[in-house]
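**Q** any chance you could fold what I've pasted below:
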Amino acid sequence: MIVLMSSGILRVFDTKELSKSAVIVGVGFLVGYFSDSAIGKLTEIANTLFGSNSPRHANDKNSDGEEL
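**A** Down below sits the predicted model:
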């Protein structure tokens, strides 16, 4: 994320400020802190769009007791 910000692709941030170590640590902390939630949400979206990647077994049953 820091590399993208300092490259100028994300022009929201001042590239001179990104050379300070405190800014690098702060941005790294925030990105790391929220990355688990973001990855979880992306996984949920992918499972909704493309289906679950776990294989179903012939002896699996639904909530009514019927075989799937």
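**Q** where along the protein do the helices fall?
**A** Secondary structure of the chain by DSSP state H: the helices cover 2-7, 21-50.
**Q** return the distance of the last one from the chain's centre.
**A** The reference is to helix 21-50. Distance, stretch centre to chain centre, for helix 21-50: 4 Å (CA atoms, centre = their mean, to the nearest Å).
**Q** got any ranges where the chain has weak pLDDT?
**A** 10, 12, 53-68 (pLDDT under 70).
**Q** mind running it again at 90?
**A** The chain contains residues with pLDDT under 90 at 1-38, 42, 51-68.
**Q** what's the neighbour count on Lys5?
**A** Careful, residue 5 is Met and not Lys. 20 (other CB atoms under 10 Å). Any C-beta I mention is one placed from the backbone N, CA and C, and that applies to glycine too.
**Q** so what's it closest to, chain neighbours aside?
**A** Phe13 (4.8 Å; CB to CB, 6 or more residues apart in numbering).
**Q** from what I see, the one you found and Ser7 are in contact.
**A** No. Under the criterion of CB atoms under 8 Å, Phe13 is not in contact with Ser7, lying 10.4 Å apart.
**Q** on that earlier part again, deepest-packed of the helices of the chain, please.
**A** Stretch with highest mean neighbour count among the helices of the chain: helix 2-7 (a mean of 13; mean count of other CB atoms under 10 Å).
**Q** neighbouring contacts of that helix?
**A** Helix 2-7 is contacted by residues Leu10, Phe13, Thr15, Leu18, Ser19, Ile24, Val27, Gly28 when judged by CB atoms under 8 Å, 6 or more residues apart in numbering.
**Q** good, we can wrap up now.
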